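[1] Okay, here's the prediction I keep looking at, along with the sequence it came from:
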Amino acid sequence: SMTNAVSTATSGDALREINLLGMTSIPQTHDVIASILVYESESAVRQAKFTQGVLIVLIVALLILEALLIFEPMGRKIRDSVREADKARQRAEEEAATALQAKRVKDQFFRTMSHEMRTPLNAVTGMTDLLRETSLNQQQRDRLDHLHDASRHLRHLFNDVLALNRLDSDDDSFNLSFVSLNQQIKTCIEMLRHEAEHKRVDLNFSSDIPEEHVHETDSFRFRQVIINLISSDMKSISSGFVDIAMTVETANAPEDEVIRISIRSTGAGAVEIPLRDDSAPRDPAQLIVDARGDATDLGLALCRQIIDRAGGEMTASHTTKGQSVVVTVPMKKDIIEQNTGENSQSPADETVEGGALEKMKILVADDNMPNRMIARAFLQSDHVEIIEVENGAEAVDAMNKHEDIDLILMDIDMPVMDGVEATCQIREQSEAQAAMPIIAVTAHVLPEDANLLLEAGLTEVLHKPVTKDELAVCVSSHIKAARAA
């Protein structure tokens, strides 16, 4: 009972109670004192814990206060930075959308410009070629030759500007397929034959690549490069010859080869054509300005960019007798069975005008009268009959009336019914018409446009302006192939 009294009272009260109870014995006094000490120690511990708690609360409060004072400005800065980042991202997205829209507008401009100008240019070049075949006095012939050169210059300029714009686009890609490089170069030479004869330049081609070897490349780009390089070499001399030599420089593997193409001009009146060594892509508009009114520099810039994209190299040199351009490009190789006998004859060796084929009937569908007139004049001969119509609907009707038509030259943009719809309807009429050669003659020159036309059922795509040789070779080769099938 004494211990309980002590545990529930203060030390002073306990001592007073000891005196009142008269507890003077040593054991009793020892117990009371011990109880008092235990109580005092427990009180001290509780007081220390309370003080520690108060200190912790104060420290936390100080930390919170310090955090508010220090981190609140930092938080504001972070929030401001986040807002600025959001604004910058939004501006970047808006600028990207603006740039994309500007690119689309630019691409559409190039497409529209090319399409709208190629149709009248086809009439200019075609009529010029027809007039050059008539009887003229020397003054008339000289003036017509100037017109002919200017029209071909304009044609190459259109092709190069459009191609450079395509290469400047990120979505541009090569359409790879296995083709005969020998035949590709021969076709390019045939396309330039008349121009070379006019300039009194002989075009010579040699190759150590077997005819049965084919290589993987973009045939459209390959021909662009070869035509531009040969044209540049012809422009560097007033007369003489241009040698085109193709060899296999190295063979890294049985299916991989590095093709070396050397184009060298030699002749009188040699002039230096600016051959840029820089391979950095430049804006097409700047290239036009740098060309100083000459499409040669523009064409060579196009060649360099195409070759760089293909992983190749182009080097050029100039002498007092002419210039030399060497191109090396890696390509994959394949081998096909070589045709022998009369079927191995090159299409360039057999033209409509040459009369090697039997009588043929050709349907020309074009809403432009000068274009129809030019096609008729280009193909006119004793064994060729031409039927003309002005739109796709008339072409379908003509096929119903004339079952013996051998080939169709089809414009694409025509009133009433376009060339694509007309081709689809003609293909559905009969088995014979499903296999008939239908050649698109169009101002749509982009590779994707050509692919869409081929997917729609057109047999081949010719781009306006079309030369007489191009048309003759195309028509002859397809009619011969159709009759041999």
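    Yep, it's here. None of these values were measured; they are calculated from a predicted model.

[2] Pull out the buried positions in the host helix or strand of L454.
    L454 is part of helix 447-455 when elements are defined by DSSP states H and E. With burial defined by 16 or more other Cβ atoms under 10 Å, the residues of helix 447-455 counted as buried are P447, D449, A450, L453. Just so you know, the C-beta spots here come from the backbone N, C-alpha and C atoms, and that holds for glycine as well.

[3] Could I get the pLDDT score of V82?
    Listed pLDDT for V82 reads 84.

[4] what about it, how many neighbours?
    10 (other Cβ atoms under 10 Å).

[5] mind pulling up the phi and psi values for it?
    The phi and psi values for V82, taken as degrees, to the nearest 10, are phi -60, psi -40.

[6] OK, contacts around it?
    With contacts defined as Cβ atoms under 8 Å, 6 or more residues apart in numbering, V82 has no neighbours.

[7] K235 versus H194, what's the distance?
    From H194 over to K235 the distance is 15 Å, taken as Cβ to Cβ, to the nearest Å.

[8] Quick check: I209 touching M246?
    Yes. Counting by Cβ atoms under 8 Å, M246 is a contact partner of I209 at 6.1 Å.

[9] Please enumerate the shared neighbours of these two.
    Shared contacts of I209 and M246, counting by Cβ under 8 Å, 6+ apart, come down to L181, N182, I259.

[10] Which pLDDT does the model give the second one?
    Confidence at N182, expressed as pLDDT, is 93.

[11] May I have the secondary structure class of it?
    Here N182 is recorded as helix under DSSP: H, G, I helix; E, B strand; the rest coil.

[12] ok, it - how many residues close by?
    The burial count for N182: 18, using other Cβ under 10 Å.

[13] Contacts only, for I209.
    Counted by Cβ under 8 Å, 6+ apart, I209 has contacts L181, N182, M246, T247, V248, I259.

[14] so the fourth one makes contact with D208?
    Put plainly, it is T247. Yes. T247 sits in contact with D208 when judged by Cβ under 8 Å, with a separation of 5.2 Å.

[15] who has more neighbours, the two?
    T247 (14 against 8).

[16] Could you tell me whether that one really is in a strand?
    Yes. Secondary structure of T247 (three-state DSSP): part of a strand.

[17] D406 versus that one, what's the distance?
    Distance from T247 to D406, by Cβ to Cβ: 40 Å.

[18] For I426, what is the enclosing helix or strand?
    helix 419-429.

[19] pLDDT averaged over that helix - what is it?
    The model assigns helix 419-429 a mean pLDDT of 93.

[20] Packing partners of that helix?
    helix 392-401, strand 407-410, helix 431-434, strand 438-442 (3 or more Cβ pairs under 8 Å, 6 or more residues apart in numbering; DSSP states H and E).
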